[in-house]
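Chemist: kindly return the folded structure for what I paste below:
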Amino acid sequence: MRIHVKTDEMVEEDAYQVGGSDEMLSSASMKVLNRLILDMAKPLYGKGMTINFNNYYASPAATIELLKHEVYCRGTLGRNKRLIPSYILFTKSEARYKEARGATKIAVNKKYGFVAVGWIDGNPVHMISSADTEKMATVQRQIGGEKQVIQAPEVVMKYNKGMDGVDRHDQYRALFSLCKNHGFKKYPVKLMLALIDISLTNAVLHFKLCWKDSDCANSTMSRADFLQDIAEKFISSNREWELEDDPGIEAI
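Modeler: Residues are numbered from 1 along each chain as shown. From the prediction side, this is the model:
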């Protein structure tokens, strides 16, 4: 088991000098993305809450900006994100060996108060957190058909707990996905289908929770039947279903 801890002064974004057009485009895209993240996080400003990000949103630059508003975050990092200390990066070749699982590299940024970690879990995993420390913890992994306890950074353990619901939602949504099973040249159509997928998944989960402890036939309705019922009502010319079982809705 290898664990390395290093204090790393990760420089600010303005310190980078952009050389080519591709780099300029990447820099501009990151600034737009960071503005989007800050806009979405505004309701959490000053509340000291923690956001879990995937590798599309997480970055050192976004972490620094969120900290200014007392919003903490943790998330996975792509190797191509700007400002990542090269010290923590693992390569795929380093993760090929079984004995490498659990190997860890940690960089602590004292100036801004966050950590960046590299960890091998079958594949290299890179993460950043302003909500955790450089302490080590343990996680369970299924290896060769058996559950084993693996040493991991604290941020990995807490990220797994925080993202569990999101991952389960993604898995459940993937079982019936309009976006996944249809291809279009125009990306806005795919985006709309993805939003419909999320809405349908939320509707199914909400429906099941509402009727969970009931003796009504709805309590045993399958997901397929629920989605079939929604599809039939959407294409039906009879709109009376909009008023069903909801006394708070009045006919116009």
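
Chemist: for the stretch 151-252 of the chain, which spans come out with low pLDDT?
Modeler: Under the criterion pLDDT under 70, the flagged ranges of the stretch 151-252 of the chain are 241-252.

Chemist: now the helices for the stretch 1-150 of the chain?
Modeler: 21-41, 60-67 (DSSP state H, counting those that start in this stretch).

Chemist: and those helices, which one averages the lowest pLDDT?
Modeler: Among the helices of the stretch 1-150 of the chain, helix 21-41 has the lowest mean pLDDT, at a mean of 69.

Chemist: contacting residues around the residue nearest the centre of the chain?
Modeler: Most central in the chain under CA atoms, centre = their mean is residue 54, positioned 3.4 Å from the mean C-alpha point. For residue 54, the contacting residues are 75-76, 163, by CB atoms under 8 Å, 6 or more residues apart in numbering. Using the backbone N, CA and C atoms, a C-beta is placed for each residue, glycine as well.

Chemist: hmm, 6 Å instead?
Modeler: residue 76 (CB atoms under 6 Å, 6 or more residues apart in numbering).

Chemist: check the one 3 residues further on too.
Modeler: Contact analysis of residue 57 by CB under 6 Å, 6+ apart lists residue 37.

Chemist: got a pLDDT number for it?
Modeler: 81.

Chemist: how close does it get to residue 220?
Modeler: Per CB to CB, to the nearest Å, residue 57 is found 39 Å from residue 220.

Chemist: and for residue 162?
Modeler: From residue 162 to residue 220 the distance is 32 Å (CB to CB).

Chemist: what about stretch 95-109, distance to the chain center?
Modeler: 22 Å (CA atoms, centre = their mean, to the nearest Å).

Chemist: start and end of it, how far apart?
Modeler: 25 Å (CA to CA, to the nearest Å).

Chemist: just the buried residues of that stretch, please?
Modeler: 95, 100-109 (16 or more other CB atoms under 10 Å).

Chemist: nearest to residue 156 among those?
Modeler: Of all the buried residues of stretch 95-109, residue 156 sits closest to residue 104, with 8.9 Å by CB to CB.

Chemist: pretty sure the closest one sits against residue 116.
Modeler: No: counting by CB atoms under 6 Å, residue 104 stays clear of residue 116, with 11.6 Å between them.

Chemist: strands along this protein, start to end?
Modeler: Listed from the start of the chain, the chain has strands (DSSP state E) covering 3-7, 50-53, 72-76, 104-109, 114-121, 123-129, 136-143, 146-153.
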